[in-house]
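A.B. asks: here's my sequence, what's the structure:
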Amino acid sequence: MNVKKPLLVLSLLVVLFLAVTQSVWAFSDTKNDPNEAKITELQKRGILNGNGSNKDQFGPNGKVTYAAGITMLVKGLGLNIDNIRFFKKPEVSDSFSMMKNDAWYADTFIIAAYNELDLARDTNPAAAMTREQFAHHLYKALIRAGNFAFNDLGVVLKDEADVNPSYMGSIQTLITTHIIDMDASQKFNPKAAITRSEAAGWLFNTIKYVEEQPQMPVEQPEPSPLFDLKLTTTAVNNDVNAVTISAQAPNPGYGIRIASISFEGDQAIIYVEPTYPDKDKMYPQVITEVKAVTYVSSAFKPVLGESGASIGGSTGIIGDNGTSAADSDGTAASAAENQ
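C.D. replies: Residues are numbered from 1 along each chain as shown. Next up, the predicted model:
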């Protein structure tokens, strides 16, 4: 019995299958590109798409617009706003004056804004990104993706004078972590437009860094010294209620203040935080009641948020004396006191 022929056929089928599989993922214009393998891997992960209407081509030598570049960063590093609670739907026009709320990149830039990628309010989504701009926003995305320990080593750039000083720290960190490189003459060419191939290579290196580098443990916040928190409401008039938050503290040196107020539906969720004793003073160790007062529109039902927590909200500007100016959400003077 001749078994060689079936084995030969099977081998040919395997080779054919592998060739077809590889061609499905490979862009038609990235062959021999220095970042070909990285581009293909990002494509497999669903991070990169084709260039414009031609999904078969990547355009590796093309420029990277802000819309495309920031989308790459947000998708590649998995940034999101899942843990942020909003009392109104966020719109991209809230943060960026040149962007429309129905644009394809709107959600991406909302996420970028809340993840503090350091984008200017007048960012033009159609503008080409330079190497230093992409590097800076890449670094900002990296530090949102994990808690890493970077070394303080610096490198000498022959064209350092051409680098925006605001971006220098980001570029230095990415070079020392081997995410990006200088050229053979130790120049970074910061003002040159970054190509799609370069951007993909840098992004791939960053993703591998996140996946492979150990992260520093996140310090857990100390428990609040305040306990037995209570909320009481007193009508000031038909339109405004005085809301008092009281708590017990270990000694008279502690206080309490309104940290933020979040408006959700018909509720005004009030978050408080402790103020701490003066380290240069001695206090009797006597359980002390502390209070903070704010004023909320009677259209809202005041409720107490999680003890010791603070989220984005509206409290006005709190000065050194613990008072707060009125703001547009219906809160007025807020004061903290010991009794």
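
A.B. asks: helix, strand, or coil at Ile270?
C.D. replies: Here Ile270 is strand, with the state taken from DSSP: H, G, I helix; E, B strand; the rest coil.

A.B. asks: any buried residues in stretch 150-168, and which?
C.D. replies: Neighbour-count burial for stretch 150-168, counted by 16 or more other C-beta atoms under 10 Å, picks out Leu157, Glu160, Val163, Tyr167, Met168. (C-beta placed from N, C-alpha, C; glycine too.)

A.B. asks: before we move on, which element is the last one in?
C.D. replies: Looking back up the chat, that one is Met168. Here Met168, judged by DSSP states H and E, is contained in helix 165-176.

A.B. asks: against which helices or strands is that helix packed?
C.D. replies: Applying 3 or more C-beta pairs under 8 Å, 6 or more residues apart in numbering; DSSP states H and E, one finds that helix 165-176 contacts helix 131-145.

A.B. asks: how close does the spatially most central residue of the chain sit to His137?
C.D. replies: In the chain, the C-alpha closest to the average C-alpha coordinate belongs to Asn115, at a distance of 1.8 Å (C-alpha atoms, centre = their mean). Separation of Asn115 from His137 (C-beta to C-beta, to the nearest Å): 10 Å.

A.B. asks: cool, and Thr123?
C.D. replies: 10 Å.

A.B. asks: where does the stretch 201-339 of the chain dip in pLDDT?
C.D. replies: The stretch 201-339 of the chain contains residues with pLDDT under 70 at 218-221, 307-339.

A.B. asks: buried stuff in stretch 88-107?
C.D. replies: Neighbour count says stretch 88-107 has Pro90, Val92, Ser95, Phe96, Met99, Tyr105, Ala106 buried, by 16+ other C-beta under 10 Å.

A.B. asks: looking at the residues you listed, which two lie furthest apart in space?
C.D. replies: Pro90 and Tyr105 (14.2 Å; C-beta to C-beta).

A.B. asks: please look at Ile194 and Thr130 and confirm they touch.
C.D. replies: Yes - when contacts are counted by C-beta atoms under 8 Å, Ile194 is listed as touching Thr130 (6.4 Å).

A.B. asks: contact partners for Leu226?
C.D. replies: Ala247, Gln248, Ala249, Tyr254, Ile256, Val272, Pro274, Val290, Ser307, Gly308 (C-beta atoms under 8 Å, 6 or more residues apart in numbering).

A.B. asks: I figured Ala135 hits Ile171, correct?
C.D. replies: Yes - using C-beta under 8 Å, Ala135 makes contact with Ile171 at a distance of 5.0 Å.

A.B. asks: roughly how far is stretch 233-243 from the heart of the chain?
C.D. replies: 38 Å (C-alpha atoms, centre = their mean, to the nearest Å).

A.B. asks: one step back: which one of the buried residues of stretch 88-107 is nearest Thr294?
C.D. replies: Among these, and counting by C-beta to C-beta, the member closest to Thr294 is Pro90, at 24.9 Å.

A.B. asks: measure Ser262 to Pro302 for me?
C.D. replies: Relative to Pro302, and taking C-beta to C-beta, Ser262 is found at 11 Å.

A.B. asks: could you point out the helix or strand that follows the one helix or strand Thr294 maps to?
C.D. replies: Using DSSP H and E, Thr294 sits within strand 288-297. As assigned by DSSP H and E, the chain's next helix or strand after strand 288-297 is strand 301-304.

A.B. asks: export that next one as PDB, just CAs?
C.D. replies: This file holds the C-alpha atoms of strand 301-304, laid out as PDB (Å, rounded to 0.1, in the frame of the first residue of the first chain):
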ATOM      1  CA  LYS A 301     -33.800  64.600  47.000                       C
ATOM      2  CA  PRO A 302     -30.500  64.800  48.900                       C
ATOM      3  CA  VAL A 303     -28.900  61.400  49.500                       C
ATOM      4  CA  LEU A 304     -25.600  60.500  51.100                       C
END
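
A.B. asks: can you list contacts of that strand?
C.D. replies: Here strand 301-304 has contacts from 229, 231, 233, 241, 243, 245, 266-270, 272, 296, using C-beta under 8 Å, 6+ apart.

A.B. asks: quick one: which of Thr123 and His137 has more around it?
C.D. replies: His137 (23 against 19; other C-beta atoms under 10 Å).

A.B. asks: excluding chain neighbours, what is closest to the more buried one?
C.D. replies: Leu117 (5.0 Å; C-beta to C-beta, 6 or more residues apart in numbering).
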